[in-house]
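Colleague: sequence below, structure please.
(4 chains)
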Protein chains: 2
Amino acid sequence: MEMIVPSLAKGRLPLEPEKLIRREPVDPGTFKRMIRQMGLKVTQQRMAILESLSAGRAHVTAQEVYEAVNVKYPEIGFATVYRFLRKMAEQKLVTEVRMGGLPARYELTPRRHHDHLTCVQCGQIVEFESQQIETLQELVAKEHNFRLTHHVLELYGICPRCQTE
Amino acid sequence: MEMIVPSLAKGRLPLEPEKLIRREPVDPGTFKRMIRQMGLKVTQQRMAILESLSAGRAHVTAQEVYEAVNVKYPEIGFATVYRFLRKMAEQKLVTEVRMGGLPARYELTPRRHHDHLTCVQCGQIVEFESQQIETLQELVAKEHNFRLTHHVLELYGICPRCQTE
DNA sequence: GGCTGAATTGACAATCGTTTTCAATTAAAA
DNA sequence: TTTTAATTGAAAACGATTGTCAATTCAGCC
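Modeller: Numbering: from 1, shown residues only, chains lettered A, B, ... in the order given. So this is what the prediction gives:
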């Protein structure tokens, strides 16, 4: 009856408090619709994962989702979490951010576009929007006669907390 | 006398042909200087790795470097390649790009920074520089008290030629 | 409500890229 | 040349992720 919880026993960097991101509460019906839209069956586990993603902090690792869901559903396996996150990432329902060799971080794909500022030491992610940068990107594209479809802008640096350590 | 060559036997995706990138030939003395600048000893292996990086295509994986160097130095171990690439990446002598869960890719850091504008239809890549965007990025980082180390800016769109087809 | 078949699950092994370990070797300072 | 500290190759270890497979659960049908 051993439960394997990888990387849990070892001391890990505590997650720095992230700016709380206000999100509208989502009712269970919406989750069910999302799952069915993906052509998947509605299960307790998937509902729990979606609830966790929508309720907690953004940009969580699969491990963190597993641990959070585990509180309510101690029998869930981490393979289930990984599988579902991957499925959702494929369908663009969640956005996957990978950095260096660190574990991937996930967020429910936001309706509103933003870019990321990532700490290369602790992995903390800060979201930002810059209409000015967007505009300049359009300008660059226009100069080369490209019609822009999308872009990836990831800034990397050292967060205030890690700078003091 | 077994030689372990991970991931070599398995069939892998062939690398898409990359535009040839013209680079100036580098003489051995330069490599030695680079290595000494890093505070490291000059060894055959390190010279071979640098030669390989400078001669071949850009954006290679550690595995590819290992295989290339292996032709001339069959006794080299992949740990040596990984170690040296990491050391160089730390010192910014090579640039490490990690994408998805794929193996990291390395290139000798180009002297002049640029970003990419890529055609999603034909794959054509246009390099561009925008000091204005760079400046705004610094501003964003400053707002969040991050010390910026680097960034990834990739614009995707449809090139003029593909628009007319 | 039960019945049935396909999808999903949990446990765990396997895999991947990468890093560490350690005894043997080698570069370079003396 | 001798010394000594860095470097090496081989192999094991590592952490994140994926695959396997028998057991369970969902959803459509009666």
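
Colleague: what separation is there between the residue positioned nearest the centre of chain A and residue B:130?
Modeller: Residue closest to the mean C-alpha point of chain A, counted by C-alpha atoms, centre = their mean, is residue A:106 at 1.8 Å. Applying C-beta to C-beta, to the nearest Å, the value for residue A:106 to residue B:130 is 30 Å. Quick note: C-beta positions are derived from backbone N, CA and C, even for glycine.

Colleague: pLDDT at the residue nearest to the centre of chain A, what is it?
Modeller: With respect to pLDDT, residue A:106 has a value of 94.

Colleague: A strand includes it, no?
Modeller: Yes - assigned with DSSP: H, G, I helix; E, B strand; the rest coil, residue A:106 falls within a strand.

Colleague: contacts only, for it.
Modeller: By C-beta atoms under 8 Å, 6 or more residues apart in numbering or on different chains, residue A:106 lies in contact with A:53, A:59-62, A:65, A:85, A:88-89, A:94-97.

Colleague: now which of those residues would you call buried?
Modeller: Among these, those classed as buried by 16 or more other C-beta atoms under 10 Å in any protein chain shown are A:53, A:59, A:60, A:61, A:62, A:65, A:85, A:88, A:89, A:94, A:95, A:96.

Colleague: looking at those, spot the one nearest residue A:148.
Modeller: Nearest to residue A:148, judged by C-beta to C-beta, of the buried ones among the contacts of residue A:106 is residue A:95 at 19.0 Å.

Colleague: name the element that closest one belongs to?
Modeller: strand A:94-97 (DSSP states H and E).

Colleague: which residues are in contact with that strand?
Modeller: A:53, A:59, A:85, A:88-89, A:104-110, A:116, A:118, A:125, A:154, B:100.

Colleague: just those: which are in strands?
Modeller: Of the positions in those, A:105, A:106, A:107, A:108, A:116, A:118, A:125, A:154 sit in strands, assigned by DSSP state E.

Colleague: gap between the fifth one and residue B:159?
Modeller: According to C-beta to C-beta, residue A:116 and residue B:159 sit 27 Å apart.

Colleague: quick one, strands of chain A?
Modeller: Using DSSP E, strands in chain A cover A:60-61, A:94-97, A:105-108, A:115-119, A:125-128, A:147-158.

Colleague: what residues does chain A have near DNA strand D?
Modeller: Within chain A, the positions adjacent to DNA strand D are A:6-7, A:10, A:41-44, A:61-63, A:78-79, A:82, A:86, A:98, A:102-104 by C-beta under 7 Å from any atom of the strand.

Colleague: so which bits of chain A are right by DNA strand C?
Modeller: A:2-4, A:40-41, A:43, A:45-46, A:73, A:75-80, A:83-84, A:101.

Colleague: from the residues you listed, list the ones also adjacent to chain B.
Modeller: By C-beta under 8 Å from any C-beta of the partner chain, the members of these lying near chain B are residue A:101.

Colleague: wait, residue A:115 sits on residue A:153?
Modeller: Yes - Residue A:115 lies in contact with residue A:153 (C-beta atoms under 8 Å); the separation is 4.2 Å.

Colleague: joint contacts of those two?
Modeller: Counting by C-beta under 8 Å, 6+ apart, the residues touching both residue A:115 and residue A:153 are residue A:133.

Colleague: separate out the buried members of the residues of chain A next to DNA strand C.
Modeller: A:45, A:46, A:76, A:78, A:80, A:84.

Colleague: what two of these have the greatest distance between them?
Modeller: A:46 and A:78 (14.3 Å).

Colleague: show me the shaky parts of chain A.
Modeller: A:1-25 (pLDDT under 70).

Colleague: which residues in it form helices?
Modeller: Assigned by DSSP state H, chain A shows helices spanning A:28-37, A:44-55, A:62-72, A:78-90, A:131-143, A:160-163.

Colleague: out of these, which comes closest to residue B:163?
Modeller: Closest among these, using C-beta to C-beta: helix A:131-143, at 11.6 Å.

Colleague: which helices and strands sit right next to that closest one?
Modeller: strand A:147-158, helix B:131-143, strand B:147-158 (3 or more C-beta pairs under 8 Å, 6 or more residues apart in numbering or on different chains; DSSP states H and E).

Colleague: and the last one with chain A, contact?
Modeller: When you say that, I think you mean strand B:147-158. Yes - applying C-beta under 8 Å from any C-beta, one finds strand B:147-158 touching chain A at B:147, B:148, B:149, B:150, B:151, B:152, B:153, B:154, B:155, B:156, B:157, B:158.
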